[in-house]
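A.B. asks: everything below, folded, please.
(one chain, ligands or ions: 1)
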Amino acid sequence: MKRADQPRTYWQSARGAIVLGDARQVLEQALSPHSVDLVVTSPPFGLVRKKGYGNADAHEYVEWFRPFATGLRRVLRETGSLVIDIGGAWIAGQPTRSLYHFKLLVMLCEEFGFHLAQEFYWWNPARLPTPAEWVTVRRIRVKDAVNCIWWLSPTPWPRADNRRVAQPYSASMRQLLRNGYRAKKRPSGHDISEKFRCDNGAAIPPNLIAVAHTESNSAYLRACKARGLAAHPARFPTDIPEFFIRMLTDPGDLVVDPFAGSCATGEVCERLDRRWLCVEVVEEYLRGAVGRFDSPAAARAASAPGEARSHYQVARPGLLWDGARQEPLRADGGRTRKRAKGK
Ligand SMILES: C[S@@+](CC[C@H](N)C(=O)[O-])C[C@H]1O[C@@H](n2cnc3c(N)ncnc32)[C@H](O)[C@@H]1O
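C.D. replies: A predicted model of the protein is given here:
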């Protein structure tokens, strides 16, 4: 895929711009120091996947990321935030996981002085049970359905307000508010006082963000189709950047996505009146990305969570724990494809 040589403005609006080029150059030269309020991004990890993602590759990944980390530290305001959505990876040919995204987190904190404000997990209920060999054939691992999202900040006190991302109360909490709660000490020792009965109008969200990645008729996809282009293969749903843009920035703040792909971050910023800069090195991805800005209001209407998409359910463990006949565990841990007779 053709990569850009020198960064150049590819598209712009009154609020923001898409730059075609290498984000390292933009972070090191084009942006002013301490000028950015939020970086929200999903860096590539496919570049090491083909090599196997073992420990050596995890090491290579953090080395590759180092110049970006230098640039990110340079441009972020002290009270700003860096939010990195990063999927885990399997080690090739083996049912174990790479440590690369944890090593990245450790490097950012220990070498670049970032603080881990909080770790989030993006649960995608629509994830397929892969890798099939470990999950559906040998049945020795479970579905990998979460991405890690590292929320980092140059100081322990980034600007933030969780009320911006409040959620409707669950049915059980609504019932509790209606029927009243008896103040008592929990077995954990936590004192649950009367104030927990106070109806604040909305619930504080957990650090698990549930969004099914099932986009099929968004304005972006329609724009790609109309232009005869393939959609970006590794997009995040706009709900992911939107959660953090809402919680961590005010209108007029500057948001940057250095690995912009289809510019989902730019689309959200345009709608929420944040200033923004999206940087992408592959021009092909930007041809479709500009379609996001044909009609931002229509884009929101297409991606707004309707009632049908508002809640997901996950089964409590244990619903099938009684009565089922259990085969003994395989002594070889599934190393061989077929279960040996009597094992
Ligand atoms: C995981 S994708 C991001 C997808 C994006 N979040 C979206 O929703 O469309 C990572 C992107 O980073 C881009 N990229 C890789 N190296 C880059 C670099 N040095 N500068 C800018 N972009 C880069 C890749 O081309 C790819 O499109």
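A.B. asks: alpha carbons only for contacts and neighbour counts from here, please
C.D. replies: OK.
A.B. asks: could you pull up the residues touching Asp85?
C.D. replies: Shown in contact with Asp85 (C-alpha atoms under 8 Å, 6 or more residues apart in numbering): Val40, Thr41, Ser42, Pro43, Asn147, Cys148, Ile149, Trp150.
A.B. asks: gap between it and Gln12?
C.D. replies: 25 Å (C-alpha to C-alpha, to the nearest Å).
A.B. asks: kindly report the same for Ser170.
C.D. replies: 41 Å.
A.B. asks: next: Ile209.
C.D. replies: 31 Å.
A.B. asks: what about the two, which has more around it?
C.D. replies: The residue with more neighbours, out of Ile209 and Gln12, is Ile209; 18 against 14, by other C-alpha atoms under 10 Å.
A.B. asks: point me to the residue of the stretch 101-250 of the chain nearest the ligand.
C.D. replies: Nearest residue of the stretch 101-250 of the chain to the ligand, counting by C-alpha to the nearest ligand atom: Arg235, 3.2 Å away.
A.B. asks: thought that residue was touching Gly261?
C.D. replies: Yes. Using C-alpha atoms under 8 Å, Arg235 makes contact with Gly261 at a distance of 7.0 Å.
A.B. asks: these two: which has the busier surroundings?
C.D. replies: The neighbour comparison of Arg235 against Gly261 (other C-alpha under 10 Å) goes to Gly261, with 29 against 14.
A.B. asks: show me what contacts that one?
C.D. replies: So Gly261 contacts His232, Ala234, Arg235, Glu280, Val282, Tyr285, Leu286, Ala289 (C-alpha under 8 Å, 6+ apart).
A.B. asks: need the three-state assignment for it.
C.D. replies: coil (DSSP: H, G, I helix; E, B strand; the rest coil).
A.B. asks: also the one 10 residues further on?
C.D. replies: Under three-state DSSP, Arg271 falls in the helix class.
A.B. asks: how about Val279?
C.D. replies: Classified using three-state DSSP, Val279 is strand.
A.B. asks: the one helix or strand Arg77 maps to: partners in the sheet, and parallel or antiparallel?
C.D. replies: Assigned by DSSP states H and E, Arg77 falls within strand 76-86. Here strand 76-86 is paired, per DSSP bridges, with strand 36-41 (parallel), strand 146-153 (antiparallel).
A.B. asks: report the backbone C-alpha coordinates of the longest one in CSV.
C.D. replies: Which is strand 146-153. Provided in CSV are the C-alpha atoms of strand 146-153 (Å, rounded to 0.1, in the frame of the first residue of the first chain):
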residue,chain,number,x,y,z
VAL,A,146,-12.4,-7.3,24.6
ASN,A,147,-9.8,-4.7,23.5
CYS,A,148,-7.8,-2.9,26.1
ILE,A,149,-8.1,0.9,26.2
TRP,A,150,-5.3,2.6,28.1
TRP,A,151,-6.2,6.1,29.4
LEU,A,152,-3.0,7.9,30.2
SER,A,153,-2.1,11.4,31.3
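A.B. asks: that strand: how far from the chain's middle?
C.D. replies: Distance of strand 146-153 from the chain centroid (C-alpha atoms, centre = their mean, to the nearest Å) equals 7 Å.
A.B. asks: one more: stretch 21-41?
C.D. replies: 20 Å.
A.B. asks: over to stretch 287-296?
C.D. replies: For stretch 287-296, the distance to the chain centre is 21 Å (C-alpha atoms, centre = their mean).
A.B. asks: low-scoring stretches of the stretch 51-200 of the chain, by residue?
C.D. replies: 51-56, 181-183, 192-197 (pLDDT under 70).
A.B. asks: where's the dip in pLDDT among the contacts of Gly261?
C.D. replies: On pLDDT alone, Ala234 ranks lowest of those, at 92.
A.B. asks: number of residues surrounding Ile84?
C.D. replies: 22.
A.B. asks: OK, contacts around it?
C.D. replies: Taking C-alpha under 8 Å, 6+ apart, one finds Val40, Thr41, Ser42, Pro43, Ile149, Trp150, Trp151 in contact with Ile84.
A.B. asks: same thing with Tyr220?
C.D. replies: Applying C-alpha under 8 Å, 6+ apart, the residues contacting Tyr220 are Gly288, Ala289, Gly291, Arg292, Ala299.
A.B. asks: that one belongs to a strand?
C.D. replies: No. Under the criterion used here (three-state DSSP), Tyr220 is helix, not part of a strand.
A.B. asks: where does it land on pLDDT?
C.D. replies: 93.
A.B. asks: same check, this time on Lys50
C.D. replies: 54.
A.B. asks: which parts of stretch 220-230 are buried?
C.D. replies: Tyr220, Leu221, Arg222, Ala223, Cys224 (16 or more other C-alpha atoms under 10 Å).
A.B. asks: can I get that stretch in PDB, CA atoms only?
C.D. replies: Taking C-alpha atoms only, stretch 220-230 is exported to PDB below (Å, rounded to 0.1, in the frame of the first residue of the first chain):
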ATOM      1  CA  TYR A 220     -19.200   6.200   6.100                       C
ATOM      2  CA  LEU A 221     -20.000   2.800   4.600                       C
ATOM      3  CA  ARG A 222     -22.500   4.300   2.200                       C
ATOM      4  CA  ALA A 223     -20.000   6.900   1.200                       C
ATOM      5  CA  CYS A 224     -17.400   4.200   0.500                       C
ATOM      6  CA  LYS A 225     -19.900   2.200  -1.500                       C
ATOM      7  CA  ALA A 226     -20.900   5.300  -3.500                       C
ATOM      8  CA  ARG A 227     -17.200   6.000  -4.400                       C
ATOM      9  CA  GLY A 228     -16.500   2.300  -5.200                       C
ATOM     10  CA  LEU A 229     -14.000   2.000  -2.300                       C
ATOM     11  CA  ALA A 230     -13.300  -0.700   0.200                       C
END
